[in-house]
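Undergrad: Sequence unavailable; structure follows:
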């Protein structure tokens, strides 16, 4: 988020911001796919994944039996994803050019990610952060210059 606050990025051309935002959204989606099984587990504080390919640290964690450390790392990832995507959405909305900075597909990716967290997260903090991010997203969509996006929140819910 600190990078997004950087004055250089704020004064950069829209095409550079769009490229940065697109990469951030894709990266957030990838990270969320990795950490979601932990924060969405019915007992996240005791969950240790059994697939070392998906979780390279799982072997190390299973040896030490430290599922709480894994949950803490996954929770922090989800927290930062929610804050970061919420910030990007608000930046796009503030510039009044959400169509230029984020396209419909990226709004859909962000919305799907938040909805997944809202419906599946068992970690209270992950749920609360997804709620805050989803609220910002809905606010942006309802006021977007892209008419197609005005009804997205209604369609999702």
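TA: The structure has been received and is ready for your questions. These figures come from a predicted structure and were not determined experimentally. Numbers count the residues shown, from 1 in each chain.

Undergrad: Quick one: the helices in the chain, in order.
TA: 2-5, 7-10, 14-39, 58-64, 67-94, 98-101, 104-120, 124-142, 152-156 (DSSP state H).

Undergrad: Those helices: lowest mean pLDDT?
TA: For these, mean pLDDT drops lowest on helix 58-64, to a mean of 50.

Undergrad: Can you tell me, leaving aside adjacent residues, what's nearest to residue 38?
TA: residue 74 (4.0 Å; CB to CB, 6 or more residues apart in numbering). From N, CA and C alone the C-beta is placed, and that goes for glycine too.

Undergrad: Can you give me the neighbour number for the one you found?
TA: Residue 74: 26 surrounding residues under other CB atoms under 10 Å.

Undergrad: surely it meets residue 40?
TA: No. The criterion here is CB atoms under 8 Å, and residue 74 misses it with residue 40 at 9.6 Å.

Undergrad: ok, the closest residue to residue 106 other than its chain neighbours - contacts?
TA: Counting by CB to CB, 6+ apart, residue 25 is the residue found nearest to residue 106 once chain neighbours are left out, at 5.0 Å. Residues near residue 25 by CB atoms under 8 Å, 6 or more residues apart in numbering: 85, 88, 102, 106, 109-110.

Undergrad: Most widely separated two among the residues you listed?
TA: Using CB to CB, the pair of the contacts of residue 25 lying farthest apart is 88 and 109, separated by 11.4 Å.

Undergrad: more crowded one of the two?
TA: More crowded of residue 88 and residue 109, by other CB under 10 Å: residue 88, with 26 against 19.
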